[in-house]
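# sequence and predicted structure are below.
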Amino acid sequence: DAGVIQSPRHEVTEMGQEVTLRCKPISGHNSLFWYRQTMMRGLELLIYFNNNVPIDDSGMPEDRFSAKMPNASFSTLKIQPSEPRDSAVYFCASQSTGRFNSPLHFGNGTRLTVT
Amino acid sequence: GNSVTQMEGPVTLSEEAFLTINCTYTATGYPSLFWYVQYPGEGLQLLLKATKADDKGSNKGFEATYRKETTSFHLEKGSVQVSDSAVYFCALILAGTALIFGKGTTLSVSS
């Protein structure tokens, strides 16, 4: 089991550029979550999918953020245009939907720096 | 609403000291409770969980008991090691919701 795979591990970009973060969940997991981690705000849920369908996107900061899950094995989080305040570590996690309280499995995150 | 409050860090201890990290929650239903741990440069890993009142979750010498009467899930370890240095997150989940985390508590253990 390769675990949840995120890419890239680090991303440095200039303000105004488009950024795409990628996630491959654990095979067979039906739920996928995107979290953002900052020192000031801790871990914030951005959006989560169940069976590739977005269930709750109320945490997405604004229209500059969008997320897709075109199939069960891939998801993207896009920021366009990026701003310095988007600098954070972005985590993807997946969960088996056998039970609602199954543990989440996290990737190692993408550290985004916007200059 | 649903929320988790955990003690502010950092917590600094000497090796073999006793550890307690306090966690309390507010929930509109009957949550399951978790502790996750994050080592430097890594994602979060499940440390332990409890799904009903009076359940005790345990793993790697860490324990936490689900206390419904005090809405608490405090993390304890009898003798910490340098390798336990990490950030610890308390979390809850309810049916139909995503996992809700506390702000995290940084633990630093020195030899």
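Alright, I've got the coordinates.

# got any ranges where the chain has weak pLDDT?
Reading this off chain A. Residues of chain A that meet the criterion pLDDT under 70 lie in A:1.

# and with 80 instead?
A:1, A:97-100 (pLDDT under 80).

# up against chain B, what does it have?
Residues of chain A lying close to chain B (Cβ under 8 Å from any Cβ of the partner chain) are A:4, A:33, A:42-43, A:45, A:48, A:56, A:91, A:93, A:100-101, A:103-109. The way it works is simple: take the backbone N, C-alpha and C, and place the C-beta from them, glycine included.

# buried among those? Need that as a selection in ChimeraX.
Buried residues among those (16 or more other Cβ atoms under 10 Å in any protein chain shown), as a ChimeraX selection:
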select /A:4,33,42,43,45,48,56,91,93,101,103,104,105,106,107,108,109
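
# could you list which of the residues of chain A next to chain B belong to strands?
A:33, A:42, A:43, A:45, A:48, A:56, A:91, A:93, A:105, A:106 (DSSP state E).

# which one of those residues is nearest residue B:58?
Nearest to residue B:58, judged by Cβ to Cβ, of these is residue A:105 at 20.1 Å.

# residues contacting that closest one?
Residue A:105 makes contact with A:3, A:4, A:26, A:29, A:93, A:94, A:95, B:46, according to Cβ atoms under 8 Å, 6 or more residues apart in numbering or on different chains.

# and those, which of them are buried?
The neighbour count (16+ other Cβ under 10 Å) marks A:4, A:26, A:29, A:93, A:94, A:95, B:46 as buried among the contacts of residue A:105.

# against chain B, how distant is the residue lying closest to the third one once chain neighbours are set aside?
Same thing as residue A:29. The shortest distance from residue A:29 to any non-neighbouring residue, by Cβ to Cβ, 6 or more residues apart in numbering or on different chains, is to residue A:94 (3.8 Å). According to Cβ to the nearest Cβ, to the nearest Å, residue A:94 and chain B sit 11 Å apart.

# residue A:94 and residue A:102 touch, don't they?
No. Contact criterion Cβ atoms under 8 Å: residue A:94 and residue A:102 do not qualify, at 10.0 Å.
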